[in-house]
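Chemist: What would the 3D arrangement of this be:
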Amino acid sequence: MNAQTKTAFCWLLLGICYLTHTLLHMFGLFYGADIRLPEATGEVSLWVQAFNTVIFTATLLMSFLSLLFFGKGFRRFSLVWGLLLLLLNLFHLATTLFVETFDLSQACLQAFVPAVNAVLAFELWKSLKQERQRAA
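Modeler: As a prediction, this is how the structure comes out:
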């Protein structure tokens, strides 16, 4: 599998994982849990809408764009964006394991996400390094 396909697949897998993460949070509803945030007013704030757009939609968009564009500039942007998400994912994993109420399904999923994210970053870095070596 070439680097472009691996990159697109990793972005897609991250998007699916983010959606699965949200679905797993809602499982408590089936068992009678009140999953509302304490400060919930019934409206989704603009901040949450923007965050969701960046995390969910942009991740899936990166998968699609990876199939269409794979130039050096796009790969650099993709690498930086992937590394920023890796930091976010590692922080979220830590809060899931050490701060929030333990949930085995979330812990497993959130351990998988940084692994995929690391593979994505490595593949992008490797493709940029190979291009640099060919140019030299």
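
Chemist: max-length helix in this structure?
Modeler: Longest helix in the chain, counting residues (DSSP state H): helix 104-135.

Chemist: Just the buried positions in it, please.
Modeler: Neighbour-count burial for helix 104-135, counted by 16 or more other C-beta atoms under 10 Å, picks out 106, 109-110, 113-114, 116-121, 123-124, 127-128. Yep, even glycine has a C-beta here, placed from its N, CA and C like the rest.

Chemist: Spell out, range by range, the helices that occur in the chain.
Modeler: Ranges of helices in the chain, per DSSP H, are 3-26, 46-52, 58-68, 72-98, 104-135.

Chemist: now the ones you listed as TSV including distance to residue 33?
Modeler: Shown next, in TSV, are these (distance: least, C-beta to C-beta, whole Å):
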stretch	distance to residue 33
helix 3-26	9
helix 46-52	20
helix 58-68	27
helix 72-98	17
helix 104-135	14
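
Chemist: Identify whichever of those helices lies nearest to residue 37.
Modeler: helix 46-52 (9.6 Å; C-beta to C-beta).

Chemist: tell me the mean pLDDT over that closest one?
Modeler: The average pLDDT within helix 46-52 is 94.

Chemist: how far does that helix sit from the chain's center?
Modeler: On the basis of C-alpha atoms, centre = their mean, to the nearest Å, helix 46-52 sits 15 Å off its chain's mean C-alpha point.

Chemist: related to what we said a few turns ago, what helices and strands are in contact with the longest helix of the chain?
Modeler: Judged by 3 or more C-beta pairs under 8 Å, 6 or more residues apart in numbering; DSSP states H and E, helix 104-135 is in contact with helix 3-26, helix 72-98.
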